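Chemist: Here you go, sequence then predicted model.
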Amino acid sequence: MENPFERPLANVSAALINGPIPPYPGRLLPVTAETHTAERQLMAGYGRLIRSCDLPQQRKLKEDLAVELNTASDATKVNSILQQTLDLLSQNKKVIVTGDDLPVASRILKEPDGLPKETPGFLSALRQALAGQGVECSFIQAFPNHSEAIPGLAAERAAMASRNFKEMERFVDGGFRKNESAQRPEVRDRDNQPVYAPSQTKVILLPYRQAAGWLELNRRFLQPPEISMILTPTASADQFIQAIGRGSRRNSKGPTAVQLVANDSCADRHRLGQLLQGLQFIAATGSPAVAPFLELVADCLDRASARRAALDQRLIQLQKNQQIRSARKFDAGQSRRSPSASGVRP
């Protein structure tokens with residue numbers, strides 16, 4: 001899984017200094033027994049594949065396993081975050097949802113017809129769910145990994161960037177225009193003040209890999225509604241802080257409510273653990289603004305670990321009880337057998 005120390009974290013906490021963001025307690029969602037079973041099947045199946053491969057293939061398989069586990073875990077959050085988003089919209093709030101959008105065709109899990117089980121990316125699934133409720137949202141696409149190093153993808157990246165800017169324009173309040181130098185200055189009035197214009201959409205779905213930047217969010221007006229942020233776990237402290245910064249640099253009034261939504265899956269506990277290590281590293285460099293989010297992630301990880309430990313303990317106890325019942329049935333059957341039936345002469 002992604003290492004939070006792969007990219008420099010210097011000055012990353014600067015994204016937090018632009019406004020107060022009181023973090024709410026993290027939401028810990030339930031996970032069904034079927035989801036836990038699928039998770040174990042994935043890890044067991046990939047374990048068999050990894051043991052039969054050379055080292056380069058093992059690394060690729062481990063990356064694929066991480067993506068499958070993360071996508072499967074995030075898929076269980078779609079309905080809950082959908083309802084939470086609808087509730088916030090009913091309170092006249094705007095919503096920024098940040099997560100990953102990595103669709104998978106499983107190497108291990110199969111559909112009834114034998115084809116690989118396909119799971120859409122989290123943000124794409126949420127977008128479809130919102131559309132089903134009649135809610136139009138802005139959708140930011142993430143550039144393919146390492147595409148900046150591939151000249152042949154330059155045109156695709158430019159087209160995607162143009163679409164992303166248009167999607168952000170629909171979400172932000174205020175006006176922006178593109179000049180001859182392809183820059184995007186604000187539309188201003190005669191007094192050189194930014195012109196207010198209400199946004200076209202109230203929800204934006206923002207991939208972690210595209211969270212940095214977005215100067216369009218820096219301007220604040222008094223008229224727009226407040227913004228709430230909903231985040232799923234990520235292993236990267238850098239990406240997490242950048243995402244938080246999009247709410248801090250919001251163009252709305254009032255504080256931004258931040259909520260981290262997780263569950264007790266192996267994927268989320270791993271991501272929360274990596275995220276906690278990265279935030280601890282940032283805090284050790286003297287960044288006090290990170291402290292409340294450090295507490296938020298630590299609390300979420302503690303509760304997820306405690307819930308999973310309790311579940312594992314119940315499963316162990318159920319197995320013991322089953323073994324005891326099986327042993328009793330066997331003993332009862334033995335005692336009812338007559339000597340002749342057992343083949344032993346009296």
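Modeler: Thanks, I have it.
Chemist: residue contacts, the residue nearest the centre of the chain?
Modeler: In the chain, the residue lying closest to the centroid (Cα atoms, centre = their mean) is residue 232, at 3.1 Å. Shown in contact with residue 232 (Cβ atoms under 8 Å, 6 or more residues apart in numbering): 74, 77, 81, 98-100, 122, 260-262. C-beta coordinates here come from the backbone N, C-alpha and C atoms, glycine included.
Chemist: Which ones among those residues map onto strands?
Modeler: Among the contacts of residue 232, the members falling in strands (DSSP state E) are 98-99, 260-262.
Chemist: Please enumerate the helices of this structure.
Modeler: For the chain, the helices defined by DSSP state H occupy 33-51, 55-75, 78-90, 122-132, 154-171, 237-248, 266-284, 291-336.
Chemist: Counting by contacts, list what the fifth one packs against.
Modeler: Counting contacts by 3 or more Cβ pairs under 8 Å, 6 or more residues apart in numbering; DSSP states H and E, helix 154-171 packs against strand 138-139, strand 203-207.
Chemist: now do 10 Å
Modeler: For helix 154-171, the elements it packs on are strand 94-99, strand 138-139, strand 203-207, judged by 3 or more Cβ pairs under 10 Å, 6 or more residues apart in numbering; DSSP states H and E.
Chemist: Which neighbouring elements make contact with the longest one?
Modeler: Read that as strand 94-99. helix 78-90, helix 122-132, helix 154-171, strand 203-207, strand 227-231, helix 237-248, strand 257-263.
Chemist: please redo it, this time with the cut-off set to 7 Å
Modeler: helix 78-90, helix 122-132, strand 203-207, strand 227-231, helix 237-248 (3 or more Cβ pairs under 7 Å, 6 or more residues apart in numbering; DSSP states H and E).
Chemist: Would you format those as CSV with mean pLDDT included?
Modeler: Below are these laid out as CSV (pLDDT from 0 to 100):
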stretch, mean pLDDT
helix 78-90, 96
helix 122-132, 97
strand 203-207, 96
strand 227-231, 91
helix 237-248, 84
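Chemist: Any idea what residue 138 is bridged to?
Modeler: Beta bridges link residue 138 to residue 204, judged by DSSP bridges.
Chemist: could I get the ones in strands among the contacts of residue 232 as CSV with distance to residue 51 and neighbour count?
Modeler: Shown next, in CSV, are the ones in strands among the contacts of residue 232 (distance: Cβ to Cβ, whole Å; neighbours: other Cβ atoms under 10 Å):
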residue, distance to residue 51, neighbour count
98, 36, 26
99, 32, 25
260, 35, 25
261, 35, 21
262, 30, 26
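Chemist: Pick the one among these closest to residue 134.
Modeler: residue 99 (21.9 Å; Cβ to Cβ).
Chemist: now for the helices and strands packed on helix 154-171, which one comes closest to residue 151?
Modeler: strand 203-207 (23.3 Å).
Chemist: How about residues contacting stretch 301-316?
Modeler: Stretch 301-316 has contacts (Cβ atoms under 7 Å, 6 or more residues apart in numbering) with 28, 262-264, 268-269, 272-273, 276.
Chemist: my bad, should have said stretch 119-126
Modeler: The contact list for stretch 119-126 (Cβ under 7 Å, 6+ apart) reads 71-72, 74-75, 78, 81-82, 97, 99-104, 205, 207, 232.
Chemist: How about stretch 65-74?
Modeler: With Cβ under 7 Å, 6+ apart, stretch 65-74 has contacts from 1, 38-39, 42, 46, 99-100, 102, 104, 106, 119, 121-122, 232, 263, 265-268, 271.
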